[in-house]
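# sequence and predicted structure below; questions after.
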Amino acid sequence: MKDFSNFQYVRIITEEGSVANGEYILDDVIIRCKNGLLCDSTDENGEALPAIETRDGNHLEHWKNGVLHCETSPAIIDNFDNYEKWYINGIECKPKN
């Protein structure tokens, strides 16, 4: 699956013309937004949820306020195409050891 890195700094507008806020399901992809920007979320139990994930769990992306970001694991994990990418504040970086 192709990642969504080209959506960094992009405000997402719904088909109705409003700023995207909350969770949206498009085909087999779940997308979470806050104030129109891709952003990780938490569920009702306080569990972290990635901003983008496929229903089968084979593709995950962690975002913070519209940029790829994860300090503890890869920001992009794709088990289908077998790759990972690390990002901090929208900048790709080397994996932490």
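That came in fine, so what should we check first?

# what about the strands in this protein?
Applying DSSP state E to the chain gives strands spanning 22-26, 29-34, 37-38, 41-42, 48-49, 52-54, 59-61, 63-64, 67-68, 76-78, 83-88, 91-93.

# wait, which of these is closest to Ile13?
Nearest to Ile13 among those is strand 29-34 (10.1 Å), distances taken as Cβ to Cβ. (Each C-beta comes from the backbone N, C-alpha and C, glycine too.)

# any chance of the strands of the chain in TSV, plus mean neighbour count, distance to Tyr9 and mean pLDDT?
Compiled in TSV, those are given as follows (neighbours: other Cβ atoms under 10 Å; distance: least, Cβ to Cβ, whole Å; pLDDT from 0 to 100):
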stretch	mean neighbour count	distance to Tyr9	mean pLDDT
strand 22-26	10	19	95
strand 29-34	19	13	97
strand 37-38	24	8	98
strand 41-42	12	19	96
strand 48-49	12	21	94
strand 52-54	19	15	97
strand 59-61	24	15	97
strand 63-64	24	11	98
strand 67-68	23	7	98
strand 76-78	20	16	97
strand 83-88	16	13	96
strand 91-93	11	12	96
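
# now do the contacts for the nearest residue to Ile30 once chain neighbours are set aside.
Counting by Cβ to Cβ, 6 or more residues apart in numbering, the nearest residue to Ile30 once its immediate chain neighbours are dropped is Glu53, at 5.2 Å. The contact partners of Glu53, taken as Cβ atoms under 8 Å, 6 or more residues apart in numbering, are 29-30, 59-61.

# likewise for Ala51?
By Cβ under 8 Å, 6+ apart, the neighbours of Ala51 are 31-33, 38-41, 61-63.

# swap in Pro50?
Taking Cβ under 8 Å, 6+ apart, one finds 32, 40, 60-63 in contact with Pro50.

# please apply the same query to Thr14.
Counted by Cβ under 8 Å, 6+ apart, Thr14 has contacts 20, 24.

# and it, how far from Pro74?
Thr14 sits 29 Å away from Pro74, taking Cβ to Cβ, to the nearest Å as the criterion.

# same check, this time on Asp81
Distance from Asp81 to Pro74, by Cβ to Cβ: 13 Å.
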